[in-house]
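Novice: here you go, sequence then predicted model.
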Amino acid sequence: MGMNDTIVALATAPGVGAIAVIRLSGQACVSVVSPLFSGKDLTKQKTHTVHFGHLIDGDSIVDEVLISLFIAPHSFTKENSLEISCHGSSYIVNRIIQLLVRSGARLAEPGEFTQRAYLNDRFDLAQAEAVADLIASENEAAHATALNQMRGGISNEIKNLREKLVHFASMIELELDFSEEDVEFASRQELKLLIEKIDVVLIQLIDSFQLGNVIKNGVPVVIVGKPNAGKSTLLNALLEEEKAIVSDIAGTTRDIIEDELNIRGVKFRFIDTAGLRETKDQIEAIGVERAEQKMQESSLIMYLFDLSTESLEVIQSTEQMLIEKGKPYILVGNKLDKVLSQQSPLTNNEHYVSISAKSKAGVEPLKDLIWSKSQMDNFKPGNVVVTNARHYQSLVNTQNALHDVLRGIDNQITNDFLAQDIRHALHFLGEITGEITTDDLLANIFSKFCIGK
């Protein structure tokens, strides 16, 4: 894989469509395509222009196409680039790509366009990773977060922290050059105050990862309750489709059923579980065990019970169990249509809502409560939120290194050890933005991108 190669890939989704877009990048890409194009001489055209013509393979026309030109450095990769818009036939696409490869291009590796943009200083590594997150975003919150990262959200935070540390690191390094003269260029007290301020920012970023993870992957909400409480009916009512089998026979749901719903621009993953009860049925027992496991893994627990049969004592006992799990929870009283009085001792309980999953009465207020209990109100578009596990680990490593610096200051360790701990912190921060990289790290990151990106 060479940076001087002309690379080519399908940029649109594979399969039949109205049009397809084929991307090329590399300093020679225009001269590769120009002899195959029956329109204007592409080598003499300006950047950001579009040209109509035919792609020619020998004496035959392959397709009518539009070619968009992006001349370096005014392109995504900062190299000469072009995009061929052709008809969306798989045959046409494959024939064009084969023609281009025969003419001097090679097939792009996964993420190679974005990797070239990074290597050509189009953006830093954190911003490059945000490109993949933006492509994968499935809801408003994930889109807003990825867009903010791509525009330099977390990168700016990290650069600010590094700049402050670099100053003190250089002063301490300078002290090492004058070690025999016993001079102090970097005040230890000022360094300590700076690290304490940086630690506050690091804590905020590290703590935001939990929120970032649910924004990116969805908020896992588990629906639990006794058999026949109406869990599957509730799941169907929330999704507005017949996702789960509904039956009056207790124990119908024996395995985990999961689907997604967008609430206020955030993805929620609802998980229907087997009814919680003692059972001698081996298969159902496995389902109950999995339900317990899903409660541990979830961000929010919805306990569904039958309003017409469940006693207040049992509900209160169940609520105490949920409190002990230490997770947000909602008590959902179902089968409202079967009770004579809609007043309940739980009416003033902030965790309680009554519904009829069968008629869908109360489902919208339940969605509102799900939103508030999920703590998504903490998310504001434009906030810097850590969504990448690699960034999270680097931030934790940075924090540990800075804590070593603080302990070193308190213990009055020598400058060479102090400087080493600061260099460790700078190294871990640099890993996030790509100022510190290895070939293996880059290969791992960009291998997860789609081919045409």
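Specialist: That came in fine, so what should we check first?

Novice: quick one: least confident helix or strand in this protein?
Specialist: Lowest by mean pLDDT, DSSP states H and E among the helices and strands of the chain is helix 282-297, with a mean of 63.

Novice: would you tell me what the next helix or strand after it is?
Specialist: strand 300-306 (DSSP states H and E).

Novice: the closest residue to residue 28 other than its chain neighbours and residue 375, how far apart?
Specialist: Among residues not flanking residue 28 along the chain, residue 6 sits closest, at 5.0 Å (CB to CB, 6 or more residues apart in numbering). All C-beta atoms are positioned from the backbone trio N, CA, C, and that covers glycine. From residue 6 across to residue 375, the span is 49 Å (CB to CB, to the nearest Å).

Novice: which residue ranges of this structure form helices?
Specialist: Along the chain, counting by DSSP state H, helices occupy 29-33, 90-102, 112-119, 125-136, 140-150, 153-177, 188-217, 231-239, 282-297, 312-325, 363-373, 389-410, 415-433, 439-446.

Novice: next up, the contacts around the spatially most central residue of the chain.
Specialist: In the chain, the residue lying closest to the centroid (CA atoms, centre = their mean) is residue 216, at 3.7 Å. Shown in contact with residue 216 (CB atoms under 8 Å, 6 or more residues apart in numbering): 133, 142, 145, 387.

Novice: about what we covered before: so residue 6 and residue 375 - more neighbours on which side?
Specialist: Just comparing residue 6 and residue 375: by other CB atoms under 10 Å the higher neighbour count belongs to residue 6, 24 against 15.

Novice: next one: phi and psi at the nearest residue to residue 143 once chain neighbours are set aside?
Specialist: Excluding the flanking residues, the one nearest residue 143 by CB to CB, 6+ apart is residue 137, at 4.2 Å. Main-chain torsions, residue 137, degrees, to the nearest 10: phi -60, psi 130.

Novice: and residue 137, how far is that from residue 130?
Specialist: 10 Å.

Novice: any common contacting residues for the two?
Specialist: residue 146.

Novice: between those two, which is the more surrounded one?
Specialist: residue 130 (26 against 19).

Novice: got a list of what that one touches?
Specialist: By CB under 8 Å, 6+ apart, the neighbours of residue 130 are 146, 147, 149, 150.

Novice: which two among those are spaced furthest apart?
Specialist: The most widely separated members of those are 147 and 149, with 7.3 Å between them, by CB to CB.

Novice: any low-confidence regions in the stretch 201-350 of the chain?
Specialist: 242-256, 274-291, 340-343 (pLDDT under 70).

Novice: same question, the stretch 1-150 of the chain
Specialist: 1.

Novice: hmm, 90 instead?
Specialist: 1-4, 13-17, 39, 123-150 (pLDDT under 90).

Novice: domain assignment for the chain?
Specialist: Residue ranges for the domains of the chain, per automatic domain parsing: 7-123, 130-213+385-446, 217-378.

Novice: columns neighbour count and distance to residue 22 on top of the contacts of residue 216, output as CSV?
Specialist: Converted to CSV, these look like this (neighbours: other CB atoms under 10 Å; distance: CB to CB, whole Å):
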residue, neighbour count, distance to residue 22
133, 20, 24
142, 23, 28
145, 30, 30
387, 23, 31
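
Novice: name the nearest of the residues you listed relative to residue 452.
Specialist: Nearest to residue 452 among those, with distances taken as CB to CB, is residue 133, at 16.6 Å.

Novice: quick check, that closest one in contact with residue 389.
Specialist: No. Residue 133 is beyond contact range of residue 389, at 12.0 Å (criterion: CB atoms under 8 Å).

Novice: thinking again about what came up before, top of the contacts of residue 130 by neighbour count?
Specialist: That'd be residue 149 among these, by other CB under 10 Å, with 26 neighbours.

Novice: check contacts around that one.
Specialist: Counted by CB under 8 Å, 6+ apart, residue 149 has contacts 126, 127, 129, 130, 133, 155, 387.
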